[in-house]
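1. structure of the sequence below:
(one chain, ligands or ions: 2)
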Amino acid sequence: MSNKENTLIHDACDECGNKTDGLMTCHFVDGETTKLCPDCIIDSGFCLGCGEYCSGISSFDFSDIPGYCDNCRDEIKSNFDEDENNKESYCGYNENT
Ligand SMILES: [Zn+2]
Ligand SMILES: [Zn+2]
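-> Ligands and ions are numbered 1, 2, ... in the order given. Predicted coordinates for the structure are as follows:
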């Protein structure tokens, strides 16, 4: 048994109670956090990319990439634009540190 890559912990969504591996830790403006599945994030006003609470911010509510805040939208766009020479900027997931 290898427990080296056993990073998928199936917690339950705080909103709907579904267990999924797509849960994301979301940050309220007061510093509280909650874990939500992608479906619940869409309805909650949290950014799908970074989990910050962005509801009410016009650049979020009227984003051309729905569900993502300004910062994440920029990252997604720059990822599309500069895919060839800018592969490491998105989300910063490094497996070997
Ligand atoms: Zn949910
Ligand atoms: Zn974001």
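2. C-alpha from now on. contacts and neighbour counts both.
-> Noted.
3. before we move on, which element is Asp39 in?
-> helix 38-44 (DSSP states H and E).
4. wait, Phe60
-> helix 58-61.
5. before we move on, what about Thr34?
-> Going by DSSP H and E, Thr34 is part of strand 33-36.
6. so what pairs up with Met24 in the strands?
-> Leu36 (DSSP bridges).
7. that one contacts Lys35, doesn't it?
-> Yes - if you go by Cα atoms under 8 Å, Met24 and Lys35 touch, sitting 5.4 Å apart.
8. before we move on, the earlier item: next, the buried residues of the strand holding Thr34.
-> Within strand 33-36, the residues scored as buried using 16 or more other Cα atoms under 10 Å are 35-36.
9. cool, stretch 22-30 as well?
-> Neighbour counts over stretch 22-30 (16+ other Cα under 10 Å) mark 22-27 as buried.
10. with stretch 69-82 instead?
-> Applying 16+ other Cα under 10 Å to stretch 69-82 flags 69-70, 72-73, 76, 79 as buried.
11. again with stretch 53-70
-> For stretch 53-70, a neighbour-count test (16+ other Cα under 10 Å) marks 53-55, 60-61, 67-70 as buried.
12. could you confirm whether the helix or strand Lys77 falls within reaches ligand 2?
-> Per DSSP H and E: Lys77 is located in helix 70-81. Yes - contact of helix 70-81 with ligand 2 (Cα under 5 Å from the ion) involves Cys72.
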